[in-house]
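Asks: With the sequence up front, the predicted model follows.
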Amino acid sequence: MVKWIATCCALIFLLYNCNFARGYLVSIGAGNEIRGCVTNDHQHAVAFVEKLREGGNEFSLVETSDLDSTANEMRVYDCNLVKRFGCNQWRTENLRIKSNKYENYPAVTDFRWHEFLYQLSSSGFDILMPEYLTMRMGETAHAHFSILTNSSFDFLIGYTEFKDINLKGGGHQWELFSINYSFLDPSQIKISLNSDEKIIPTELGVDVGDEPYYAPAFLCHGLSKVKMHSYYLLVPEKSNAWMERQIEFQKESVFCVDVVYILRSPLKNSEIALNVTFVTEKGEFLNFTEGHPSKEVNTWHVVRFDSLERRFEGKGTLRVTVGPQDLEIGGIRFCEGGGLDVEITLRGMQRCHSLSTHLAPPPVEDAEEEEKFTKLVATKRKICERINEASNCSGMNVCSSTGCFCFLGFTGEDCNTPCGENTFGVDCSEKYVVGKCLNDKFDLENGHCLEACSNSTTGFPSCSTKIWKVKPFVQNASPNSLSLNMSRSLQNVFGFAHVIDVRYRMEKSTWWESKIYFESDGRLFKLEDLEANTEYVITFTVYSKMPQQNLIIAEEVIASTCKPIDESILNIDIDATASAATLAVSDVDKKYCQPTYFNVSEVIGRSPEDKSTIQIRAQEEHQKNLTSCKNGSYFIVSVSDIYQNLVEARLVCTAEKKFFLEDHQLKHACLPINESVVQISFEDQLTVVISSNASFADRKKICKPRVLIVVKSKKILFSANVQGFDFINYFGNCTPGTIYDVILFDEADHKIKVRYSCMTPEQITFRKLVPVVNKIWVRKIELDMDKSLKGVSGSQDIQVQYQEEFVEAWKTKIYKSSMGRRLVLNFLKPETLYVIRLVWISTNQTSVVSKDIETRTKPCIPIDEKTIEMKIMVTFTTEAKVTVRSAKIEELCRLKQMKVTSEDGKVLLDTMVHDWKLSWKLPPCRNGSIYTLSVKDEEGNIVKTDETFFLLDDVDSLEEQRVVVASPSKLVLSVGVVALEAVLLIVSSLFCVVCLCCRQSRRRAHEIEERNQQRYELK
């Protein structure tokens, strides 16, 4: 008995405290005037209420945008079925259009409500609606009306009259008036207010006279507005019904579509209500499905299909496919995306309210979240300026059920008072830290400094975070120059200006020299005219795009120019008997410029008989042993470095076949030409260009080009003498696709050979192209293909190849001109260097490759307690989920590992993860145990939390446990339970109460029906 009493009390508590919070509603206005409303409930429209005044017929005009005041330009593609021809631009298959006049449909509370025309009447005047609902003799009428009035009214249909109908709203909100009427039996008429309160007619009549048509009419006792819910639907005639339309995103936008539909019969278990696909001309694809057997029938459903992580630009095709034949479509609307809709209306409105009958004040535990939501709206200056039609937010406020707040920078009852006493922000609730800004001049909206930061190490204008430092990366050194890799040096800098001051000085000097680096200078940047074998200190100053400050000071690094090789690098050791010699190259101190070749040649007579060449790799030593020689011969031993310095020694073989060393000689021989210092390029088919990327000083050390020949099928077609570098020679036209060998000889008869496939002028232009990066994200790089392919026609397919740093394999993505201007490389790694190039695939010809570029993706945001929520559920599963806004999920470091440890140190779960929402079942546990949950992301960041677990089926433990299931902006329940048996009793009792209520409701309805029948018979 005690348990039953406790169960009943718990049931009453549950029913009383259930708050069905479908979303938040925030108004934006000035004083008592409402000019816009923001909601995260896309299921229901927001109705605006104005002071009733004389005026003509008009729509309740509403303009929609997002919180950044971006207008929804995609609304031109809506399927507006409130209008007879509002969906004509959509192509349909197996769908017919019909009116809602003579069938029983539920009232409209979604976005279509704003499209209904309203009529206004003053005291004593009728509102007739013949064009909306005209009934024939013998027909049944079903209709819904939305009414805004501050007085009572009479309603007449046929000869049945309802007098002095009073509404509870008192002119402060729109109310629902519904009828269900038959001319054959007026006693069966059903009229209700706000879906629940039934109204009994004052007079009943069946004498229709000679008039075959009758329309409903309202006789208003004061100013009133009436909207009739009149619209059309698209109804499937048979299976495979669909509708589609060509759409175009004029700029980068998220995909967001709301579809309204109604089910006339329940869905089957395997049945899908709707399938929505979107395919762009670029080949990008989205697919959504909607439907579950639990979906209510004869109820309007608004389902939102959106993809906030991806943005689209250009043309595409949207198709909506209907699953069951009992599903009818009420309309399609393009939305802003992001979960928030801003509805802006005409001036003069007094309040706004949701048309949802379930929207209630938030429960206590959700009030804080709603206040945060309200303050978030108050930070959006652009939407404020748009609604206020002014350059600031003076006099504007944001209100919800938790209170009102002024926009950024203002306070006071009328929100006209600027912030003072070192305050800023929403309602001037933020405190400014004195001394943060230079002269303490800061922005009253966001607290940012106006002139500069007092502390030069913080970033302007927020002046609250340390400036990122960069570190110069030295790629290589020569005797007189140092080359910096700017891609690696600036890998931690985003949004810097296009000018960087590179400063350097000798390590022993205090005098700094400066050289400006522009982004257009490319990946490598050279500091020239330096002293050989000298240490230099190098640093950067990175200029931010923000004015006045943010000179990002780099770390200082020390790098040394190299020393040209000399005689000490070559060691020749002859043994005691002089019958053997050891030749070695050694750079113990690593101070010399990098040696490249070690040559040993035995000369007999006039020509070398035996020649041995060893290529030297960085920081390696090489040696060669000589064990014999021939009478009269000699050995030439030489070492060269990358800057054409040559050390040479002669080892003579005497008549006794003994080795004798002549003096070392330091020579400056010319460097053989090769592809790294000399380039052969082609213009206008067989116009050959000889050039060099070496500096003027280094060119003097390269062997001069002498002769150029062009060979086809082992036959010399052309030859020409080359007059040094920067040489251009025209050899005539060539046949596209034909292979030519172009050979260049230098003065020392070294040669380089290039195989050339004759190209069209357009292909030659393609080789000079450089991919142009438009945007960079954490895991995506977007290319501007219009700029990248400037000068090349769009008829061919292009391969976009990209290669990850330290990975040899190239990945490929095909680009077609029909895909539009932008191409996105997806699934990249955060903070990783990528090389990108374009490849023209030609039929029966050699592929043409463009120049490449290097670019680095942005670093991901480390996970922390604010972005990851972990908890142990009642069923003892662990769950970790991302709680940040969807738009930022892609910027987070991805989860990699999840681990659960018991209080005694035992590991219960240690697994790799690959998703944002995680759930695993764990082995049995002890009641009251404490467990440590941890999640690690791809960068090694770890978030930990301790959770205590309680078993609900422990009958002996009567200690009350509290279980809270929370989801922002959704259904929120707080339930107190004592044991599993109590839960079962509550469920059973709830079922009994529902059945009892249903039985009583049916009995009451039957009594009213009998009473009306008796009154009808008496009359």
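Replies: That came through fine. It should be emphasised that the depicted structure is a prediction, and the values quoted were computed from it without experimental measurement. Residues are numbered from 1 along each chain as shown.

Asks: For stretch 474-484, list every residue counted as buried.
Replies: Using 16 or more other Cβ atoms under 10 Å as the test for burial, stretch 474-484 gives 474-484. Placement of C-beta: from N, CA and C, glycine included.

Asks: Which of the residues you listed fall in strands?
Replies: 474-478, 481-484 (DSSP state E).

Asks: Reformat these as TSV; add distance to Ser122 and pLDDT.
Replies: TSV is the format used below for these (distance: Cβ to Cβ, whole Å; pLDDT from 0 to 100):
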residue	distance to Ser122	pLDDT
Val474	85	88
Gln475	84	83
Asn476	89	79
Ala477	91	82
Ser478	93	81
Ser481	90	87
Leu482	87	90
Ser483	85	88
Leu484	81	90
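
Asks: Out of those, which is nearest to Asp797?
Replies: Of all these, Asp797 sits closest to Gln475, with 35.4 Å by Cβ to Cβ.

Asks: who's in contact with that closest one?
Replies: By Cβ atoms under 8 Å, 6 or more residues apart in numbering, Gln475 lies in contact with 483-485, 524.

Asks: Tell me where the stretch 201-350 of the chain has helices.
Replies: Counting by DSSP state H, counting those that start in this stretch, one finds no helices in the stretch 201-350 of the chain.

Asks: same deal with the chain?
Replies: In the chain, the helices defined using DSSP state H lie at 2-17, 364-378, 381-388, 486-489, 696-699, 761-767, 785-788, 980-1018.

Asks: which stretches of the stretch 1-150 of the chain have low pLDDT?
Replies: 1-23, 53-61, 123-140 (pLDDT under 70).

Asks: That one: strands as residue ranges?
Replies: Assigned by DSSP state E, counting those that start in this stretch, the stretch 1-150 of the chain shows strands spanning 25-30, 33-39, 46-50, 58-59, 62-65, 91-93, 95-99, 117-121, 126-128, 135-136, 140-149.

Asks: Generate a markdown table for those strands, with mean neighbour count and distance to Phe827 as supplementary columns.
Replies: Shown next, in a markdown table, are the strands of the stretch 1-150 of the chain (neighbours: other Cβ atoms under 10 Å; distance: least, Cβ to Cβ, whole Å):
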| stretch | mean neighbour count | distance to Phe827 |
| --- | --- | --- |
| strand 25-30 | 24 | 38 |
| strand 33-39 | 24 | 35 |
| strand 46-50 | 22 | 40 |
| strand 58-59 | 12 | 47 |
| strand 62-65 | 18 | 33 |
| strand 91-93 | 16 | 34 |
| strand 95-99 | 15 | 38 |
| strand 117-121 | 19 | 50 |
| strand 126-128 | 16 | 60 |
| strand 135-136 | 16 | 61 |
| strand 140-149 | 22 | 50 |
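
Asks: Pipe those strands into JSON lines and attach distance to Ser356 per row.
Replies: Formatted as JSON lines, the strands of the stretch 1-150 of the chain follow (distance: least, Cβ to Cβ, whole Å):
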{"stretch": "strand 25-30", "distance to Ser356": "9"}
{"stretch": "strand 33-39", "distance to Ser356": "10"}
{"stretch": "strand 46-50", "distance to Ser356": "10"}
{"stretch": "strand 58-59", "distance to Ser356": "21"}
{"stretch": "strand 62-65", "distance to Ser356": "16"}
{"stretch": "strand 91-93", "distance to Ser356": "31"}
{"stretch": "strand 95-99", "distance to Ser356": "26"}
{"stretch": "strand 117-121", "distance to Ser356": "20"}
{"stretch": "strand 126-128", "distance to Ser356": "26"}
{"stretch": "strand 135-136", "distance to Ser356": "31"}
{"stretch": "strand 140-149", "distance to Ser356": "14"}
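
Asks: which residues sit in contact with Phe731?
Replies: 686-688, 710, 717-718, 720.

Asks: hmm, 10 Å instead?
Replies: For Phe731, the contact set (Cβ atoms under 10 Å, 6 or more residues apart in numbering) comprises 682, 685-688, 708-710, 717-720, 740, 742.

Asks: pLDDT value on it, please?
Replies: Looking at Phe731, its pLDDT stands at 71.

Asks: Dihedrals phi and psi, it?
Replies: Per-residue torsions, Phe731: phi -100, psi 0 (degrees, to the nearest 10).

Asks: Kindly provide the distance from it to Asn439.
Replies: Distance of Phe731 to Asn439, computed by Cβ to Cβ, to the nearest Å: 70 Å.

Asks: where does the stretch 551-700 of the chain have low pLDDT?
Replies: 551-554, 587-590, 605-621, 643-644, 663-669, 683-686, 697.

Asks: which non-adjacent residue is nearest the residue minimising distance to the centre of the chain?
Replies: The centre of the chain sits closest to Glu309, judged by Cα atoms, centre = their mean, with a distance of 4.0 Å. Closest residue to Glu309 apart from its sequence neighbours, by Cβ to Cβ, 6 or more residues apart in numbering: Glu890 at 5.4 Å.

Asks: What count of nearby residues applies to the one you found?
Replies: Other residues within reach of Glu890, judged by other Cβ atoms under 10 Å, total 16.

Asks: Give the full set of residues in contact with it.
Replies: By Cβ under 10 Å, 6+ apart, the contact list for Glu890 reads 308-310, 777-780, 860-861.

Asks: Could I have the ChimeraX command that selects the buried members from the contacts of Phe731?
Replies: Of the contacts of Phe731, the buried ones can be selected in ChimeraX as follows, counting by 16+ other Cβ under 10 Å:
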select :682,685,686,688,708,709,710,718,740,742
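
Asks: What about the contacts of Phe731, which are in strands?
Replies: 682, 687-688, 708-710, 717-720, 740, 742.

Asks: circling back to that earlier point, from what I see, the residue nearest to the centre of the chain and Val254 are in contact.
Replies: Yes - counting by Cβ atoms under 10 Å, Glu309 touches Val254, with 8.4 Å between them.

Asks: Next, format the ones in strands among the buried residues of stretch 474-484 as a markdown table and append distance to Glu244.
Replies: Below are those laid out as a markdown table (distance: Cβ to Cβ, whole Å):
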| residue | distance to Glu244 |
| --- | --- |
| Val474 | 58 |
| Gln475 | 55 |
| Asn476 | 59 |
| Ala477 | 63 |
| Ser478 | 64 |
| Ser481 | 62 |
| Leu482 | 61 |
| Ser483 | 57 |
| Leu484 | 55 |
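
Asks: Would you check which pair of the residues you listed lies furthest apart?
Replies: Ser478 and Leu484 (12.8 Å).

Asks: Common neighbours of those two, please.
Replies: Taking Cβ under 10 Å, 6+ apart as the contact criterion, the residues that touch both Ser478 and Leu484 are Lys526.

Asks: still on that earlier bit, local confidence estimate at the residue nearest to Glu309?
Replies: So, for Glu890, pLDDT stands at 74.

Asks: Same check on Phe249?
Replies: 90.

Asks: That one pairs with what?
Replies: Gly314 (DSSP bridges).

Asks: What distance do you get for it to Ile332?
Replies: For Phe249, the distance to Ile332 (Cβ to Cβ) stands at 16 Å.

Asks: Next: Val537.
Replies: Counting by Cβ to Cβ, the gap from Val537 to Ile332 is 65 Å.

Asks: So which of the two has more stuff around it?
Replies: Higher neighbour count among Val537 and Ile332: Ile332, with 23 against 17, using other Cβ under 10 Å.

Asks: Identify the residues contacting the more buried one.
Replies: 77-81, 87, 90, 234, 243, 245, 257-261, 276, 318, 320.

Asks: so what's Gly724 closest to, chain neighbours aside?
Replies: Lys704 (5.6 Å).

Asks: For the one you found, give me its contacts.
Replies: 670, 673, 722-725, 746-748.

Asks: Look up how far Tyr105 lies from the closest residue to Pro236 other than its chain neighbours.
Replies: Leaving out its chain neighbours, the residue that sits closest to Pro236 by Cβ to Cβ, 6+ apart is Gln325, at 4.6 Å. Here the criterion is Cβ to Cβ. By it, Gln325 lies 17 Å from Tyr105.

Asks: Please identify which of the two sits among more neighbours.
Replies: Tyr105 (19 against 15).
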